[in-house]
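Asks: Okay, predicted coordinates and the sequence, questions at the end:
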Amino acid sequence: MEWTVVLAGPARKSLRRIPAGDRTRILAALGEMQQNPFQGDIRKLQGLPGFRRRVGNWRILFELVPERQHVVVTAIERRTSTTY
């Protein structure tokens, strides 16, 4: 069962600005999310809609649309004390 990964505008913009080495790891994680969006270090966000996936110091914030099999990536952010 294949999921479609959709990057929202802010996530696409963030991805372009990420250093090449980290970008490769994030793109690999996005590829894995097409097969199974619950694979990896996934957590439900508290007080916010959606989930986050940890990729090193980066966080992929996303929501699921199960009826359409879409993973909507809303943001890709570097983990800091104010990320969430």
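Replies: Structure's in. What do you need? Remember, predicted model here, so these are calculated numbers, not experimental data.

Asks: Point out where this structure drops to low pLDDT.
Replies: Residues of the chain meeting the criterion pLDDT under 70: 82-84.

Asks: can you tell me the helix or strand for residue 15?
Replies: helix 9-17 (DSSP states H and E).

Asks: For that helix, buried residues please.
Replies: 11, 14, 15 (16 or more other C-beta atoms under 10 Å). Yep, even glycine has a C-beta here, placed from its N, CA and C like the rest.

Asks: got the contact list for the first one?
Replies: Listed by C-beta atoms under 8 Å, 6 or more residues apart in numbering, the contact set of residue 11 reads 60, 61, 73, 74, 75, 76.

Asks: Am I right that the last one is in contact with residue 22?
Replies: Read that as residue 76. No. Counting by C-beta atoms under 8 Å, residue 76 stays clear of residue 22, with 9.6 Å between them.

Asks: how about the contacts of residue 11 in CSV, adding secondary structure and neighbour count?
Replies: As requested, the contacts of residue 11 are exported to CSV (DSSP: H, G, I helix; E, B strand; the rest coil; neighbours: other C-beta atoms under 10 Å):
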residue, secondary structure, neighbour count
60, strand, 26
61, strand, 22
73, strand, 23
74, strand, 18
75, strand, 17
76, strand, 27
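
Asks: If anything else comes up later, I'll come back, but that's it for now.
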